[in-house]
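Visitor: Below is the sequence, then the predicted model.
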Amino acid sequence: MSDEKPALEPIGEDARIDALEARLKAAREREEQRNQPQVQGSDASYRAGNRVLAELLGGLLGGAVVGWAIGAFTDTNPWALLAGLFLGIVVAFRNIIRISSRPPE
């Protein structure tokens, strides 16, 4: 009785399962690479762009408010408002040029 072979041989792993596991491993590696944090350079560019936009909008709105306020107190409202807008634009562009001439952080 001890010389008998078992009726069924153990089945080895199928080649399709091995191929599937290899593809899953490759897909997981690609997903990990895709989800890694991005390089700091793009973040710095994003911050610089936001700062330029803030300077431009702040210069325009600040110049308009100051020009309107001066015009309201001196009864020269359309001309003071235009002068304030012009000065706000000049200051905004001066700040933008100053930001763009700085070396990157």
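Guide: Right, received. Where do you want to start? Since the model is a prediction, treat every value here as computed from it, not as a measurement. Numbers count the residues shown, from 1 in each chain.
Visitor: Report the buried residues of the lengthiest helix in the chain.
Guide: When the chain is parsed with DSSP state H, its longest helix is helix 40-74. Of all the residues in helix 40-74, those buried under the rule 16 or more other CB atoms under 10 Å are 55-56, 59-60, 62-64, 66-68, 70-71. For every residue, glycine as well, the C-beta is placed using N, CA and C.
Visitor: nearest to residue 102, of the residues you listed?
Guide: residue 55 (12.9 Å; CB to CB).
Visitor: Leaving out sequence neighbours, find the closest residue to the closest one.
Guide: Nearest residue to residue 55, sequence neighbours excluded (CB to CB, 6 or more residues apart in numbering): residue 95, at 4.5 Å.
Visitor: Quick one: mean pLDDT over the helix or strand containing that neighbour.
Guide: Following DSSP states H and E, one finds residue 95 within helix 77-101. Helix 77-101 comes out with an average pLDDT of 93.
Visitor: contacting residues around that helix?
Guide: Contact partners of helix 77-101, identified using CB atoms under 8 Å, 6 or more residues apart in numbering, comprise 48, 51-52, 55-56, 58-68, 70-71, 74.
Visitor: cutoff 10 Å now
Guide: Applying CB atoms under 10 Å, 6 or more residues apart in numbering, the contact partners of helix 77-101 are 48, 51-74, 76.
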